Structures are given as C-alpha cells and as structure tokens.
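Enquirer: here are the coordinates; sequence isn't available:
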C-alpha cells in the first residue's frame, strides 16, 4: 500500500522549522458507522488515529490562543508574529472588531450569496473601495483569493482589448492557479506545470524600455506588475518606473494591472503603494489583508466602462463569476477591516512605524558580513543575505536566520523565489515594543555568526529544508 507523509503535526504551521514527526503516514479511507469515509493516520508506534482526532489534538495542543501580534502556546511561550500570514493577518490575529462584525452577520442571518444581484454588504464594500481607489476606479468584482483576482484581470483584459498577450516581470509572483502561474515570472513555480497558457512574456523588473519593446507589437492585452516584488525578494519598483509604464500602456492601448495583494491597504505607508507616485492603473487587485485574515476575499477594482466593454452584452454578462465572491461574512469582515484601518490611522502608523522598523533593522545589521542589503517600504521589508564562505548556499543561510529568530520567539520566513531574503512583515497594528523585540532577536541571531553556535543552527536549518523536501516529494 502506498504511503505518503503528512504535514499535519503540532508545529507544521511554522513550516517545518522545528523537527517534526515525518514518520506519520496515512492509509486508504475507512467507513465510519454513519457511512462517511474517514482517513486514518498511522503513528510511529503503528497506532491508528483518525484525522478528526488529529485535528482535535492539534487544536488543543498547539497555539492555545492567538491574539494580535502573539501566539500563546500550550508550553506557555509566546511567538511574536512578524510574518502575519504573508500579509493576510493585517490587523493582527483575531481582531475583536472584525470578529464582532462577522458574529453580528451570522446572528442576523442575511442572504449570504445573491448570485443574480448585489448582496447588500458586497455593495457597501464596493462603495467604500471605490471611494479609496485611485484614478476613478468605480467597479468591484469579489472573489476568494488573489489568484482568482489575477485570473479575473486576465480575462477582463483579453475581452476588453481583444488582444492575446501579457507582459509581466521576471521574479514576479501572481498566484498558483494555471492562469496566474502563466504570468508569474518564477521558473521554480512555473516549471512543474508546463505547458501553461500561451501569450505571456517576461521582462526585467524596472526596465520600462523592455516593456515598450513588447508593447510596440500592439498585441499586448495587459501589463501586470507588483509595485514591490514580494516573493521575488522584496524589491520596490525603481523611482519613475511605474509612471512610465502607465504612460506606455496608455500610448499603446494596453491595460495596466497592478497586483497590490501584498502591498495594498496601508502596508507600504499609503493606502495603495501605487499612490506613492500617483500611478492610476486600469485594474487594481487586492486580497490577503482585505478581511483582516478572518475570511477569504479578494477584489478586482476597475472602471465600469472597461468592465462593460468586456461583459456588457447579453451573451457575455455571465462569463465571469465566483460562487463565494461577495459573500456576507467575508464582506462584513472586509468592511470592518477598512473601518479599523481608517479609525485607528493604520496607514499613517505604517509609514511612521515603518520608518522606525527600517532604523532598527539598519542598526541591527550594520556592517554584518552576511547582510547584503535591506530594502522595502512601510511595514514590508526584506533582509538580503549573502551566502558565507564554506559551502552554505542562500537556501540555507535564509533558513538559518529564520530558525535563529524563531528560537528567540520571533516568526519570520524567507521569500518563496528568493530564499536568501528574509521577509519582515508585521501586522499593521505593530508597536514600538514589538519592533524593539524583533530587532533584539535579529541582532542576537546575527551575532551567532561569529560563534560556534552558528554551525549548530545552520545544521537545524538544513534539517528543516530536508524535512520539507521529504514531506513534499517523499
């Protein structure tokens, strides 16, 4: 009987950075008395444990409670979260106002999904986003994930322009569905799923001339860009790059799609990162932190005229839809999140605390031989590490820092397509005290490079990488 490893252990949420039980495996489903199938796990001693029992044990034994910036574990120690679910936990874990909004909706029992009309909370959320969005963007389409938002933008661009091709940036990341992968400039993410959709071309991030060379063919439906590349290594767009690309798109009739899934909603010290240089895209994409991490939701924001050009006829009006898009619970969470951001001044706080975070990172890393560069904006930063002499590559040096920080009670992680870059991405509710604690952990971990402790933590990082690979491919 084929056996596969299970990444369902008490520490799996830390992405395997501690040793986990890689011997646990699962077998074929068995029938429960009620007739429904149940998967059983076989533990290291050969005992059979149902998945539901595994889930119950994990919920009881691991993060006993998670609130704001901290996860309180059963052992009594806290973990300071400077990863924030890759930006999804924008207001910290379990923000009380967002939870209250969701609970109120559930108690009121409004219609959850009205697929033939606008659900009232979806209409209100769309109104608020249109008021915030730059450049007269006044129509919202809601879905459940950033990947879906990218798919929607691609379909909109092809229908509205009647053009086949897309231009994206090397090292970009736009999602995991087939269309989103097709415009993702990461070979590591793309290669296993070839052949992907045709018509996507990739140019160096920051090279407006390369974009124009593609646009001159006048067959490009859209240019898709991130104002700051996240998984590609926390690389902000060079000054003047986005305004120039916007001008070129207008000149050659292509749409400019800005993927602000990671940079939007205050993360970079502006409500939207594109506002830094007054860029007005044709399509703006949001997800992750839109609901404060409480419910899955994404938003495609565009101009009504553009949407009607694509879908404004009887034979095309229903060619793009999302079953769970615009549901009452997710929209209530998103409305509450926007209200907390406004009421608590979190956009301004991100700019203010972002400056303080930059200073503390700079002080902790100054002159260190492993630190190549620190870059970012607001509350979105990357620490770019240089692989040391002696054989440890970038894959391990990034995890070495992650493991060392975690041992000091701070959760971080590397970028998916730049594993030598450690991302620093706290919730918008971060405090000076939390930043001080993060900076101290960073300084102490980097100091281990000059001690014998360096090799043991590096070995732990190597085990973590091997463990994840074994679970993925074993």
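Expert: Now that the structure is in, tell me what you want to look at. Treat the numbers as computed from the prediction; the structure is a model and nothing was measured.
Enquirer: now the helices for the stretch 351-474 of the chain?
Expert: 394-407, 432-447, 453-473 (DSSP state H, counting those that start in this stretch).
Enquirer: give the rounded mean pLDDT of stretch 185-198.
Expert: Mean pLDDT, computed over stretch 185-198, is 95.
Enquirer: quick one: it to chain centroid distance?
Expert: 19 Å (CA atoms, centre = their mean, to the nearest Å).
Enquirer: and that stretch, what's buried?
Expert: Residues 185, 186, 189, 190, 196 are the ones in stretch 185-198 that count as buried (16 or more other CB atoms under 10 Å). (Each C-beta comes from the backbone N, C-alpha and C, glycine too.)
Enquirer: for the fourth one, which non-adjacent residue is spatially closest?
Expert: Nearest-residue entry for residue 190: residue 181, 5.8 Å, with adjacent residues in sequence omitted and distances by CB to CB, 6 or more residues apart in numbering.
Enquirer: need the three-state assignment for the one you found.
Expert: helix (DSSP: H, G, I helix; E, B strand; the rest coil).
Enquirer: what sits against it?
Expert: 174, 175, 189, 190, 193, 196 (CB atoms under 8 Å, 6 or more residues apart in numbering).
Enquirer: ok, of the residues you listed, which one's closest to residue 136?
Expert: Minimum distance to residue 136 across the contacts of residue 181 is 24.1 Å, recorded for residue 174 (CB to CB).
Enquirer: who's in contact with the closest one?
Expert: 146, 147, 150, 168, 180, 181, 183, 184, 224, 226, 259.
Enquirer: re the thing from before, next, give me the two most distant ones among the contacts of residue 181.
Expert: Top of the distance list for these (CB to CB): 174 and 193, 13.6 Å.
Enquirer: where do the domain boundaries of this structure fall?
Expert: 4-61, 66-93+345-473, 96-343 (automatic domain parsing).
Enquirer: quick one: average pLDDT of the shortest one?
Expert: This means domain 4-61. 38.
Enquirer: sorry, back to before: nearest to residue 380, of the contacts of residue 181?
Expert: Nearest member of the contacts of residue 181 to residue 380, counting by CB to CB, is residue 174, at 16.9 Å.
Enquirer: who's in contact with the residue nearest to the spatial centre of the chain?
Expert: With distances taken as CA atoms, centre = their mean, the residue of the chain nearest its centroid is residue 86 (4.3 Å). Residues in contact with residue 86, defined by CB under 8 Å, 6+ apart, are 230, 262, 288, 413, 423, 425.
Enquirer: likewise for residue 364?
Expert: Counting by CB under 8 Å, 6+ apart, residue 364 has contacts 439, 440, 442, 443, 446.
Enquirer: contacting residues for the second one?
Expert: Residues in contact with residue 440 (CB under 8 Å, 6+ apart) are 364, 408.
Enquirer: ok, now how distant is it from residue 350?
Expert: 22 Å (CB to CB, to the nearest Å).
Enquirer: would you list every one of the helices in the protein?
Expert: 51-61, 96-108, 120-132, 146-161, 178-182, 187-190, 208-215, 241-252, 304-311, 328-343, 346-365, 394-407, 432-447, 453-473 (DSSP state H).
Enquirer: mean pLDDT lowest where, among the ones you listed?
Expert: helix 51-61 (a mean of 45).
Enquirer: now render the contacts of residue 181 as a markdown table, adding distance to residue 313.
Expert: Formatted as a markdown table, the contacts of residue 181 follow (distance: CB to CB, whole Å):
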| residue | distance to residue 313 |
| --- | --- |
| 174 | 28 |
| 175 | 28 |
| 189 | 36 |
| 190 | 34 |
| 193 | 33 |
| 196 | 29 |
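Enquirer: pLDDT score for residue 237?
Expert: 98.
Enquirer: number of residues surrounding it?
Expert: Residue 237 is flanked by 25 other residues according to other CB atoms under 10 Å.
Enquirer: re the thing from before, in CSV, list the buried residues of stretch 185-198 along with distance to residue 381.
Expert: Formatted as CSV, these follow (distance: CB to CB, whole Å):
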residue, distance to residue 381
185, 21
186, 20
189, 23
190, 27
196, 31
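Enquirer: and which of these is nearest to residue 332?
Expert: residue 189 (33.0 Å).
Enquirer: measure the residue nearest to that closest one when sequence neighbours are not counted to residue 187 for me?
Expert: Leaving aside its sequence neighbours, residue 189 sits nearest to residue 181 (CB to CB, 6+ apart; 6.2 Å). Per CB to CB, residue 181 is found 11 Å from residue 187.
Enquirer: who wins for proximity to residue 279 among the helices of the chain?
Expert: That would be helix 241-252 among the helices of the chain, by CB to CB, at 4.6 Å.
Enquirer: quick check: the residue nearest to residue 414 when sequence neighbours are not counted vs residue 85, distance?
Expert: Counting by CB to CB, 6+ apart, the nearest residue to residue 414 once its immediate chain neighbours are dropped is residue 398, at 3.9 Å. Between residue 398 and residue 85 the computed distance is 19 Å (CB to CB).
Enquirer: hmm, residue 231 is touching residue 413, no?
Expert: No - counting by CB atoms under 8 Å, residue 231 stays clear of residue 413, with 10.7 Å between them.
Enquirer: when the two are compared, which one has more neighbours?
Expert: residue 231 (24 against 21).
Enquirer: any idea how far residue 379 is from the more buried one?
Expert: 17 Å.
Enquirer: what does residue 309 give?
Expert: 37 Å.
Enquirer: so for those two, which residue has more residues nearby?
Expert: residue 379 (29 against 15).
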